[in-house]
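>>> just a sequence and a predicted model for now, questions to come.
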Amino acid sequence: MREFFNRVEDNELVKIEVDLAAKDFADTHPWLFSIFIKYDGLEDNDEKVAEFFELKEQVIIALEYKETSYYIGNRIIDNWSEIYFCAQDSKGLEAIANNILKSSGYIYECNVVKDAKWEFYDFNIFPTELEMCLMQSFKIIEMLESEGDNLSTCREVEHYASFETAGHKERFLEKAAQASYVFKDDLDPEEYTHGVAITKEHALSEEDILQKVSEIFSLVESENGSYELWSTVIQEKE
């Protein structure tokens, strides 16, 4: 299952696509094969971007054809598109990529290294817990917008969290109150251990959600809890 998210590394925006199920191949595919393709100047040309991603998919199909290598993710940073595969063996991968890319006109380079512990995938491609929460939050925003929600309208938003102990929950509520969040209710104990709902009025733009989710996630994490996302009522456009 492919998912997309953004990350900032050393003040550089990194656009990441990840196959969340790639770790299924961890025990049998210890090699990391990468293809770096110069991505210069494509962002402002929709036709060129479409052509580039069609080329990328051709490379993926070719490398996955014999089922000895699989696509695990893509990072776009500093004018390069970095395409990554896991592989059973290091041989023959570059030849397959060259067969498609040599005549493409793009500047590119290939590399293969052994990464039996999948450290590159874990630290450079797979999302953190916060990034996973933001990915899910942005999907909720897209769903609300498709239902006609006016995302710029402030409304009460419920945020949910669960904790290992009642003490952790109470300390979280104290910190949340200091950040102007209001306790609303305890969650069903059969579904959430020491679960709680807090509320705050805010809009649902990407900037608002990025700020609020990051803020609450940090408070929850400080008490060893789990952030359980959020919900709200649709505010229709006038």
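Perfect, I can see it now. Residues are numbered from 1 along each chain as shown.

>>> straight-line length of stretch 192-209, end to end?
Taking C-alpha to C-alpha, to the nearest Å, stretch 192-209 runs 23 Å from one end to the other.

>>> figure out how far the lowest-mean-pLDDT helix or strand in the chain is from the centre of its chain.
For the chain, the helix or strand with the lowest mean confidence is helix 46-64, at a mean of 93 (criterion: mean pLDDT, DSSP states H and E). Per C-alpha atoms, centre = their mean, to the nearest Å, the displacement of helix 46-64 from the mean C-alpha position of its chain is 21 Å.

>>> show the subsequent helix or strand relative to that helix.
strand 69-77 (DSSP states H and E).

>>> partners of whichever helix or strand comes after that following strand, with directions?
Going down the chain from strand 69-77, the next helix or strand is strand 80-87, by DSSP H and E. In the sheet, strand 80-87 lines up against strand 31-38 (antiparallel), strand 69-77 (antiparallel) (DSSP bridges).

>>> domain map for this protein?
2-125, 129-232 (automatic domain parsing).

>>> can you lay out the ones you listed as a markdown table showing mean neighbour count?
C-beta here means a position set from N, CA and C on the backbone, and glycine is covered the same way. Output for these, formatted as a markdown table (neighbours: other C-beta atoms under 10 Å):
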| stretch | mean neighbour count |
| --- | --- |
| domain 2-125 | 15 |
| domain 129-232 | 16 |
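
>>> got the angle for the least confident helix or strand of the chain vs strand 31-38?
160 degrees (axes from the mean of the first three to the mean of the last three C-alpha atoms, to 10 degrees).

>>> who touches helix 46-64?
33, 35, 37, 39, 41-43, 69-71, 74, 81, 83, 85, 93, 96-97, 99-101, 104, 106 (C-beta atoms under 8 Å, 6 or more residues apart in numbering).

>>> apply 7 Å and report the result again.
35, 42, 69-71, 83, 85, 93, 96-97, 100-101, 104 (C-beta atoms under 7 Å, 6 or more residues apart in numbering).

>>> just stretch 87-100 next, same as before
Contacts of stretch 87-100 (C-beta under 7 Å, 6+ apart): 28-29, 31, 33, 35, 58-59, 62-63, 68-69, 110, 112.

>>> just the C-alphas of that stretch, formatted as PDB.
Provided in PDB are the C-alpha atoms of stretch 87-100 (Å, rounded to 0.1, in the frame of the first residue of the first chain):
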ATOM      1  CA  ALA A  87      16.100  -7.300  -3.700                       C
ATOM      2  CA  GLN A  88      17.000 -10.900  -3.100                       C
ATOM      3  CA  ASP A  89      20.300 -10.500  -5.000                       C
ATOM      4  CA  SER A  90      22.500  -7.600  -6.100                       C
ATOM      5  CA  LYS A  91      23.100  -8.900  -9.600                       C
ATOM      6  CA  GLY A  92      21.300  -7.700 -12.800                       C
ATOM      7  CA  LEU A  93      19.400  -4.800 -11.200                       C
ATOM      8  CA  GLU A  94      21.400  -2.000 -12.900                       C
ATOM      9  CA  ALA A  95      21.100  -3.700 -16.300                       C
ATOM     10  CA  ILE A  96      17.300  -3.700 -16.000                       C
ATOM     11  CA  ALA A  97      17.200   0.000 -15.000                       C
ATOM     12  CA  ASN A  98      19.700   0.900 -17.800                       C
ATOM     13  CA  ASN A  99      17.500  -0.800 -20.400                       C
ATOM     14  CA  ILE A 100      14.800   1.800 -19.700                       C
END
